[in-house]
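Enquirer: sequence-free structure coming up:
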């Protein structure tokens with residue numbers, strides 16, 4: 001558009017035309033007039049784009065149809081817009097309703113003022129990868145919730161209050177402040193232990209303890225009619241039964257907090273976090289060992305206490321075995337506490353301390369008075385893994401360890417190598433595929449943990465046979481372990497089996 005007029009001006013104003021004065025004046029005037037119109041032409045070729053808004057085309061169309069009076073062509077767009085808006089509002093209301101239901105279920109034990117702060121804290125503490133994740137804001141709301149709970153008169157040892165403190169410790173750990181997490185967990189653990197001691201002291205003195213249940217639950221219990229009760233003594237027994245279950249829950253929280261604290265202290269800390277803490281590495285390790293040892297002593301004491309109650313039949317009629325077990329730890333949790341400390345002892349070259357803990361973990365999963373580990377196949381694989389660990393630990397102990405008797409156990413071994421072989425044979429027998437096994441047990445035996453435990457048991461047996469100069473049997477066991485490890489796809493097991501096979505061949 002602009003090149004032709006400018007090119008014409010230049011041709012008419014070229015040197016051949018400069019001989020005539022009139023032509024020169026005419027060219028200058030024409031060029032000035034054209035140049036005055038040039039900015040207008042540029043603006044016309046590049047007009048400013050209007051700002052686009054949502055539904056701008058539909059808005060312009062509605063305005064045009066309103067001026068012309070033709071509304072029929074707008075029926076489909078209008079209906080689509082109404083449906084889209086309605087569906088969006090319904091989805092928003094559905095999500096908001098589900099959130100309110102979840103918050104009501106999760107926070108129904110808290111007063112409204114505490115629940116309000118907890119909802120804000122949960123908003124900032126969930127979904128670490130999202131933009132709303134902010135540990136600092138979440139911890140601030142958790143602390144405000146603790147202050148509100150104290151003002152509302154909530155019991156400091158209740159599950160609700162201690163749960164808030166543990167959440168604060170979790171946020172400190174996730175934000176890289178393990179030293180602060182240790183401080184919070186240490187305070188909670190000491191508070192729970194002191195509360196448990198005071199509880200037992202009041203029971204011995206005959207002083208009635210106050211319930212740790214939230215005010216709403218206590219009010220519901222007080223408003224419950226006493227119909228169908230033989231006398232007031234039964235109501236008192238039921239109250240004592242409820243307090244007994246609460247004591248079991250208090251001990252469970254103390255044990256879980258102790259295990260978490262001890263495990264956190266024994267972990268390898270980054271250099272920056274280790275320097276930020278008050279304790280050095282050696283002091284931190286020693287404290288972690290003391291915490292776990294005290295926690296395990298608490299577990300054993302509680303188990304003995306429950307066994308005495310069962311033996312003496314002094315439990316109240318309303319306290320069933322299931323109720324007490326619901327308030328106490330699961331066998332897997334207790335075995336995990338023993339395993340954590342035993343693993344630490346093994347890493348610090350103290351197998352003589354790790355072996356009794358591992359044996360106790362096995363007996364926690366499968367008590368000696370049961371018919372055998374196969375009664376509960378859900379924990380079979382983990383039990384076999386512990387047996388392999390015991391076998392490896394006993395083989396490193398220079399002294400003779402007593403072997404506990406069980407229903408399925410043979411006579412106790414007299415030397416460590418025989419004891420290690422006994423536990424390796426137990427692990428191999430538990431995890432071996434059996435043609436007559438039930439479908440549920442067969443599926444569990446084919447799991448990755450069970451197959452790896454079976455390979456490890458074969459390797460342990462082969463190494464023990466190699467120590468006894470039985471190279472032929474050792475080579476067969478190594479070949480079997482290598483074949484099964486390849487079928488499972490466990491490269492570490494394949495490498496260990498091949499190295500052992502080479503060692504047995506070289507010695508031969």
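Expert: All right, it came through fine. The model shown is predicted, which means the values in this text are computed figures rather than measured ones.

Enquirer: which residues sit against stretch 292-305?
Expert: Counting by C-beta atoms under 8 Å, 6 or more residues apart in numbering, the neighbours of stretch 292-305 from elsewhere in the structure are 193, 248, 251, 254-255, 258-259, 262-263, 266, 328-329, 334, 337-338, 340-341, 344, 357. Quick note: C-beta positions are derived from backbone N, CA and C, even for glycine.

Enquirer: now the strands: where do they sit in the stretch 301-450 of the chain?
Expert: With DSSP state E, counting those that start in this stretch as the criterion, the stretch 301-450 of the chain has no strands.

Enquirer: tell me where the model's unsure across it.
Expert: Segments of the stretch 301-450 of the chain classed as low confidence (criterion: pLDDT under 70) are 312-327, 368-378, 397-416.

Enquirer: try it again with 50
Expert: When residues are selected by pLDDT under 50, those of the stretch 301-450 of the chain lie in 315-324, 372-375, 399-414.

Enquirer: can you check the stretch 151-300 of the chain too?
Expert: Segments of the stretch 151-300 of the chain classed as low confidence (criterion: pLDDT under 50) are 215-216, 219-230.

Enquirer: try it again with 80
Expert: By pLDDT under 80, the weakly predicted segments of the stretch 151-300 of the chain are 201-246, 270-280.

Enquirer: can you give me the helices for it?
Expert: If DSSP state H, counting those that start in this stretch is used as the criterion, the helices of the stretch 151-300 of the chain fall at 159-174, 178-205, 215-223, 232-266, 271-276, 281-312.

Enquirer: need these in TSV with distance to residue 434, can you?
Expert: Formatted as TSV, the entries for the helices of the stretch 151-300 of the chain read as follows, by distance: least, C-beta to C-beta, whole Å:
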stretch	distance to residue 434
helix 159-174	43
helix 178-205	44
helix 215-223	49
helix 232-266	35
helix 271-276	49
helix 281-312	32
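
Enquirer: what subset of the contacts of stretch 292-305 is buried?
Expert: Members of the contacts of stretch 292-305 that pass the buried threshold by neighbour count (16 or more other C-beta atoms under 10 Å) are listed as 193, 248, 251, 254-255, 258-259, 262-263, 266, 328-329, 334, 337-338, 340-341, 344, 357.

Enquirer: buried residues, stretch 119-136. List them.
Expert: Applying a neighbour-count criterion of 16+ other C-beta under 10 Å, the buried positions in stretch 119-136 are 119, 120, 121, 122, 123, 124, 125, 134, 135.

Enquirer: ok, and what's touching it?
Expert: Contacts to stretch 119-136, defined as C-beta under 8 Å, 6+ apart, come from residues 103, 107, 137-139, 141-142, 145, 167, 171-172, 174-175.

Enquirer: which of these has the most neighbours?
Expert: Per-residue neighbour counts (other C-beta atoms under 10 Å) across these peak at residue 145, which has 26 neighbours.

Enquirer: the residue nearest to residue 160 when sequence neighbours are not counted: what secondary structure?
Expert: Closest residue in space to residue 160, ignoring its immediate chain neighbours: residue 109 at 5.3 Å, by C-beta to C-beta, 6 or more residues apart in numbering. Using DSSP: H, G, I helix; E, B strand; the rest coil as the criterion, the local structure at residue 109 reads coil.

Enquirer: nearest to residue 483 among the contacts of stretch 119-136?
Expert: Proximity of the contacts of stretch 119-136 to residue 483, judged by C-beta to C-beta, is greatest for residue 174, which lies at 43.5 Å.

Enquirer: got a list of what that closest one touches?
Expert: Remark: with contacts taken as C-beta under 8 Å, 6+ apart, residue 174 is in contact with 128, 135.

Enquirer: how many neighbours does residue 282 have?
Expert: The tally of other residues near residue 282 (other C-beta under 10 Å) stands at 8.
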